[in-house]
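In: From the sequence below, what's the structure:
(one chain, ligands or ions: 2)
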Amino acid sequence: MPNLNFLLAKSRLMASNSMMQKASLLSSSNSLAPSPCTSRRPLVAPFRRFLASPCAQLSLTRSQSCRLAALSPPLRCNATGSVKRQEMASQDAQEGQDGRVARIASAIRVIPDFPKPGIMFQDITTLLLDTKAFRDTIDLFVERYKDKDISVVAGIEARGFIFGPPIALAIGAKFVPMRKPNKLPGEVISEEYSLEYGTDTMEMHVGAVQAGERALVIDDLIATGGTLCAAIRLLERVGVHVVECACVIELAELKGRDRLGDKPLFVLVNAA
Ligand SMILES: O=P(O)(O)OC[C@H]1O[C@H](OP(=O)(O)OP(=O)(O)O)[C@H](O)[C@@H]1O
Ligand SMILES: Nc1ncnc2[nH]cnc12
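Out: Ligands and ions are numbered 1, 2, ... in the order given. Modelled structure (predicted):
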């Protein structure tokens, strides 16, 4: 018996001509524990290998992907082999998300080989063009966090700056930007973190948060988890309690969630 939400999502998807995502509503409600985010293990080879592997790019057989591509040509990219089938996770249906997650997932475009060969880039700019999907994205986060006594929404540069401020305003929290190095004009504290190749640094203004505050960390996407870990470390160094991390998209195969240990992570779309 086909899932009704799936059929609705599929027809909407065909109408909207969007790229396809595997959608699920996932959340972790583990209690807080000392974060394992102190490790800066290199992620270079496995990450690169995964992104370049055929399984990262193609979950359908050739005939399936051709058929789906004929029904729903991608917005801009023409690599039909990269099109992934959208389906509503049963958990989503059970939790009564009334199709919002499906629409959000279908509004996210996937661009193969950007910014380099082998990378399937999850492009949220198309989500921002869909006013309903964008509003639903913010609403789903606000519904989850409005009664959690959160005083700080920490948004990660750059795409966390898109989703963080409307959530902060709606739940009555302040917004704190977590920036790339040498962008913030005041005194900062810094945290280094590992990237696919090499390292980067994240900075936060001294005095933006106070010890004892309760924070939500928001970004568009978790891949290896290194970025979120750096944000958690920065906040915990100054005595802030990170209640949860939230992302629109999770690249689950990269197991960034594991890297967060017991720190709760809430995501809307699983782009497997
Ligand atoms: O889980 P991770 O492996 O750490 O990767 C996730 C990060 O990667 C992307 O940002 P990016 O570093 O591309 O920066 P940008 O948003 O400024 O382009 C994304 O927006 C996350 O912040
Ligand atoms: N596949 C991807 N799409 C968008 N942003 C990313 N950051 C890391 N991996 C990414």
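In: Phi and psi next, for V248.
Out: phi -70, psi -40 (degrees, to the nearest 10).
In: So it versus T126, what's the distance?
Out: From V248 across to T126, the span is 12 Å (CB to CB, to the nearest Å). Where you see a C-beta, it was placed from the backbone N, CA and C, and this is true even at glycine.
In: what sits in contact with each of these two?
Out: Common contacts of V248 and T126, defined by CB atoms under 8 Å, 6 or more residues apart in numbering, comprise I108.
In: who's more crowded, these two?
Out: Between V248 and T126, V248 has the larger neighbour count (other CB atoms under 10 Å), namely 26 against 19.
In: Mind pulling up the pLDDT for D98?
Out: We have a pLDDT of 72 for D98.
In: Number of residues surrounding it?
Out: 13.
In: Would you double-check that it falls in a helix?
Out: No. Going by DSSP: H, G, I helix; E, B strand; the rest coil, the assignment for D98 is coil, not a helix.
In: Partner strands of whatever helix or strand V269 lives in and their direction?
Out: Element membership for V269 (DSSP states H and E) is strand 265-270. Strand pairing for strand 265-270, determined by DSSP bridges: strand 26-27 (antiparallel), strand 241-250 (parallel).
In: Just confirm yes or no for the very next helix or strand once past the longest one near ligand 2.
Out: Stepping forward along the backbone from strand 241-250, the first helix or strand reached (DSSP H and E) is helix 256-259. No. Contact of helix 256-259 with ligand 2 (CB under 6 Å from any ligand atom) is absent, the minimum separation being 9.4 Å.
In: Quick check: mean pLDDT of helix 256-259?
Out: The model assigns helix 256-259 a mean pLDDT of 96.
In: mind listing what's buried in that helix?
Out: By neighbour count on 16 or more other CB atoms under 10 Å, the buried set for helix 256-259 is 256-257, 259.
In: Also stretch 138-145?
Out: Residues of stretch 138-145 classed as buried under the neighbour-count rule (16+ other CB under 10 Å) are 138, 140-141, 144-145.
In: of those residues, closest to I162?
Out: Comparing the buried residues of stretch 138-145 against I162 with CB to CB picks out I138 as the nearest, at 9.8 Å.
In: wait, isn't that closest one in contact with F163?
Out: Yes. Using CB atoms under 8 Å, I138 is in contact with F163, at 6.9 Å.
In: Apart from its chain neighbours, what residue comes closest to A133?
Out: Nearest non-adjacent residue to A133, counting by CB to CB, 6 or more residues apart in numbering: A107, 4.0 Å away.
In: Ok, P166 next?
Out: P166 sits nearest to I138 (CB to CB, 6+ apart), 4.8 Å away.
In: can I get the CA coordinates of the helix or strand harbouring the one you found in PDB?
Out: Per DSSP H and E, I138 falls inside helix 131-145. Output of helix 131-145 as PDB, limited to C-alpha atoms (Å, rounded to 0.1, in the frame of the first residue of the first chain):
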ATOM      1  CA  THR A 131       8.100  30.800   0.200                       C
ATOM      2  CA  LYS A 132       6.000  28.000   1.600                       C
ATOM      3  CA  ALA A 133       8.900  25.600   2.000                       C
ATOM      4  CA  PHE A 134      11.100  28.300   3.500                       C
ATOM      5  CA  ARG A 135       8.400  29.300   6.000                       C
ATOM      6  CA  ASP A 136       7.700  25.700   6.800                       C
ATOM      7  CA  THR A 137      11.400  25.100   7.500                       C
ATOM      8  CA  ILE A 138      11.500  28.000  10.000                       C
ATOM      9  CA  ASP A 139       8.100  26.900  11.500                       C
ATOM     10  CA  LEU A 140       9.300  23.400  12.100                       C
ATOM     11  CA  PHE A 141      12.300  24.600  14.000                       C
ATOM     12  CA  VAL A 142      10.300  27.200  15.900                       C
ATOM     13  CA  GLU A 143       7.700  24.600  16.900                       C
ATOM     14  CA  ARG A 144      10.400  22.500  18.300                       C
ATOM     15  CA  TYR A 145      12.300  25.200  20.200                       C
END
